[in-house]
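Engineer: got a predicted structure plus its sequence, pasted below:
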Amino acid sequence: MSPGLALADALVEALPRLCTPQTALDPRLGELIRALAEALEGGALELDLSAPPPETLDARHWPQGYRKVLQSSGLVVAADALESAPQAPLVLAGERLRWRRWHLQLEHTLAALVRRARQPLARPPLADQLETARREAAAAGLDPAQQQAVTAALSQPLLLLSGGPGTGKTSTVVQLLLALQRHQPGLRLQLAAPTGKAASRLREAIAAGSAGLEPALAAALLAAPCTTLHRLLESSGERFGRDARRPLELDLLVVDEVSMVDLPLMTALLEALPAGCRLVLVGDAGQLPPVGPGAVLQELMRPRRLAELGPAAVELRTAYRNAGAIAAIAADLRQAGATPLQVLEPRLRALGADANLQWRQAPPRQPPAEALAALRQHQRRLGALAAALADAGARALLEELERCVLLTPVRLGQWGVAGIHRQLLGDAAGRAITHWPLGTPVLNRRNLPEQGLANGDVGVLVAAADGRRVLFPGGRLLHPALLGQAEPALALTVHKSQGSQYGTVWLLLPPGRDWDARLLYTGLTRARQRAWLITPG
């Protein structure tokens, strides 16, 4: 039995006894409690009664039968009447059922973000300064929505900048940083992201966007520290070294890939952020929610919250990258919510042979042969570059590392991460790193702040003069023993791929489930040039 199921059973037994000892528990309420506990194990804070029912609930009673049970139970209180039932552990907020504790924390954190967006600036810009910033953004090639984001960053203490892949979020960030540097020279700037890979990509993007700028401004951007949020907040596992008693010493914080930030991490960040610090949140609400509880970005993108944020929220809609079929299908998925794959089949079947997205169907009881062949070719190129590292150089090897990847939602089974690695590495897949072939990608599973590495960073196995080492971006060579329980990374789960980009992506959708549109969207948009979608057939 999984921890989530054990917790669910314990809650079903304990809650009626503790909260309403004289009342028998309606079986359907017990089913809802179990489903809510299982949802929390997957990172979701709620059950949405307006959405399709979870697999564990009886569709015949969804949602009306379950709603009647909730409305008549002493374990449940409406969100607008919390004080009337202080003992009730469940809250019904419109159509969404939540645990009381998570409901209160979510509402508190969202309200704190709205308050920050509305607080007056100590040094508000003048109208001519805003117009100058807008004209400079336009001269740099930014469209009207991007220009709006630049002026909002100057005039608002908080900016929520959202948009799909290739809509120019990074270009916009570079321009708004320039505008803020001109408005407030010497401001203490910090860049951050939820993962080491995302932080590295943000740093690379800012460096690329700084090319050609006037030297003083370019130097200021390049000097800005960029790290993971956990490292910024001085995480020690369960606690953070930075909080309201020891706040961050910053004037401006830019957080990229906010879709990956869960509720506890956002709460901790806001507690550690000084009142006068500007906050820029950048992300794509179409991506998968975070692994941890609470999808903060998705909550901020709800109509009510967007209305509360007002001019502090800017969404970019024009795509400048990922053109072609990937962009077209991704756009459909971004608007689709939980639409099943079948809705996209006519579009997928109509794709031409030259489209940058191709759809294949494969026998479900064996690993997809076409994807394995592509990965074996990738393995050979990595192995050859790793063997000739002294001649080829680390850059060529690291570039090849990001040329190709296989993504899948699951770890187990023939179409799972573990099954794919058994096919590619044989018995070595289950052994220590030193037994893997040279050139094997390595997924770090530990936070190693002293090495500048975070959980989720990917390196590659190479041979050094004193034995095998793992090469990470930036030229860092680490002894395999430092990485502990590292894993091969020729294949990754879609969740682990967030914040990364690859030349070619092979996305597998194993049989047995109707996969969420956000999972397809996240996987396909990891591809820079080409994507292959493999489904059972």
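Structural biologist: Good, I have the coordinates.

Engineer: packing partners of the helix or strand hosting Leu424?
Structural biologist: Using DSSP states H and E, Leu424 maps to helix 417-425. Judged by 3 or more CB pairs under 8 Å, 6 or more residues apart in numbering; DSSP states H and E, helix 417-425 is in contact with helix 369-387, strand 404-408, strand 487-488, strand 491-493. Just so you know, the C-beta spots here come from the backbone N, C-alpha and C atoms, and that holds for glycine as well.

Engineer: the third one pairs with which strands, parallel or anti?
Structural biologist: The strands beside strand 487-488 in its sheet (DSSP bridges) come out as strand 441-443 (antiparallel).

Engineer: which parts of the helix or strand that comes right after the strand it pairs with are buried?
Structural biologist: Going down the chain from strand 441-443, the next helix or strand is strand 458-464, by DSSP H and E. For strand 458-464, the neighbour count (16 or more other CB atoms under 10 Å) marks Val458, Gly459, Val460, Leu461, Val462 as buried.

Engineer: sorry, back to before: so the helix holding Leu424 versus strand 404-408, what angle?
Structural biologist: Relative orientation of helix 417-425 versus strand 404-408 (axes from the mean of the first three to the mean of the last three CA atoms, to 10 degrees): 140 degrees.

Engineer: using PDB, write down the CA coordinates of helix 417-425.
Structural biologist: Once non-C-alpha atoms are left out, helix 417-425 reads as follows in PDB (Å, rounded to 0.1, in the frame of the first residue of the first chain):
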ATOM      1  CA  VAL A 417      12.300   5.400 -17.800                       C
ATOM      2  CA  ALA A 418      13.700   2.300 -16.100                       C
ATOM      3  CA  GLY A 419      12.600   0.000 -19.000                       C
ATOM      4  CA  ILE A 420      14.100   2.200 -21.700                       C
ATOM      5  CA  HIS A 421      17.400   2.300 -19.800                       C
ATOM      6  CA  ARG A 422      17.500  -1.500 -19.400                       C
ATOM      7  CA  GLN A 423      17.200  -1.700 -23.200                       C
ATOM      8  CA  LEU A 424      20.000   0.900 -23.800                       C
ATOM      9  CA  LEU A 425      22.400  -0.100 -21.000                       C
END
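
Engineer: run the angle between that helix and helix 369-387 for me.
Structural biologist: Using the same axes, to 10 degrees: helix 417-425 against helix 369-387 is 60 degrees.

Engineer: let's test this: mean pLDDT of helix 417-425, rounded?
Structural biologist: Per-residue pLDDT over helix 417-425 has a mean of 95.

Engineer: what's the longest strand in this protein?
Structural biologist: The residue-count maximum for a strand in the chain (DSSP state E) belongs to strand 527-536.

Engineer: ok, that strand: who's next to it in the sheet?
Structural biologist: Applying DSSP bridges, strand 527-536 is found paired with strand 357-362 (parallel), strand 502-508 (parallel).

Engineer: from those, which stretch is densest packed?
Structural biologist: strand 502-508 (a mean of 23; mean count of other CB atoms under 10 Å).

Engineer: list the buried ones in stretch 444-460?
Structural biologist: Residues Asn444, Asn447, Leu448, Gly452, Leu453, Ala454, Asn455, Gly456, Asp457, Val458, Gly459, Val460 are the ones in stretch 444-460 that count as buried (16+ other CB under 10 Å).

Engineer: which residues sit against that stretch?
Structural biologist: 195-197, 199-200, 228, 230-231, 235, 382, 386, 397-398, 401, 439-443, 470-474, 476, 478, 482-487, 489, 496, 499-500 (CB atoms under 8 Å, 6 or more residues apart in numbering).

Engineer: any idea how far apart the tips of it sit?
Structural biologist: This stretch, stretch 444-460, spans 10 Å end to end (CA to CA, to the nearest Å).
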